[in-house]
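[1] Here you go, sequence then predicted model.
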Amino acid sequence: MEHNLKFGTRTGQQLRAFCIKESSVLITGECFCGEVKYHLNGVLRDARSCHCSRCRKAFSSQASAYALIDADKFEWMSGEKLLTSYIGKHGFGLQFCSLCGSTICGVFDGSVHGVTLG
C-alpha cells in the first residue's frame, strides 16, 4: 500500500529514495583498546540482534548486534595483524582483537561480510 505523504515538497516515495541514497556514508569502527580500526564506505544492511546461546557466548553479552556489509566497501585502517579468528566448519566465523578480545566482524570464506554494532 503506497501512501502519498508530503514532506515539504517531497512525496513519501521521494523521501525514501533520498534516505536510501544518503545512507551510503563513511562508517568507522574500532575495538575496545583502539588498536584495530576499519572504515566502511557503504551501507549497513539487515541490522539485527540475536539472543541465541551461541551469539551470547561469542559476544559475551545477552545478545549480539550485527549488520551485513559489502566486502568491497570495507577496509582495515590499522591493526589487521592483531586479529584472531574463529572459523566454523561451514566457513563462517568471527574475528576478534587479540589484545582486548573485542568481536569486530564476521567473515565467510576469508572475506568480511558483516560488522558488529555498538
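    It's in. Numbering: from 1, shown residues only.
[2] Would you check that residue 38 makes contact with residue 77?
    Yes - Residue 38 is within contact range of residue 77, at 5.8 Å (criterion: C-beta atoms under 8 Å). Just so you know, the C-beta spots here come from the backbone N, C-alpha and C atoms, and that holds for glycine as well.
[3] what residues are shared contacts of those two?
    Residues touching both residue 38 and residue 77 (C-beta atoms under 8 Å, 6 or more residues apart in numbering) are residue 28.
[4] which one of the two has more residues nearby?
    Taking neighbours as other C-beta atoms under 10 Å, residue 38 and residue 77 compare with residue 38 leading, 21 against 12.
[5] Let me know the helix or strand that the more buried one is in.
    In this assignment (DSSP states H and E), residue 38 forms part of strand 37-42.
[6] contacts for that strand?
    So strand 37-42 is contacted by 24-31, 69-70, 73-79, 104-105, 115 (C-beta under 8 Å, 6+ apart).
[7] From these, list the buried ones, please.
    With burial judged by 16 or more other C-beta atoms under 10 Å, the buried subset of the contacts of strand 37-42 is 27, 29, 30, 31, 69, 74, 79, 104, 105, 115.
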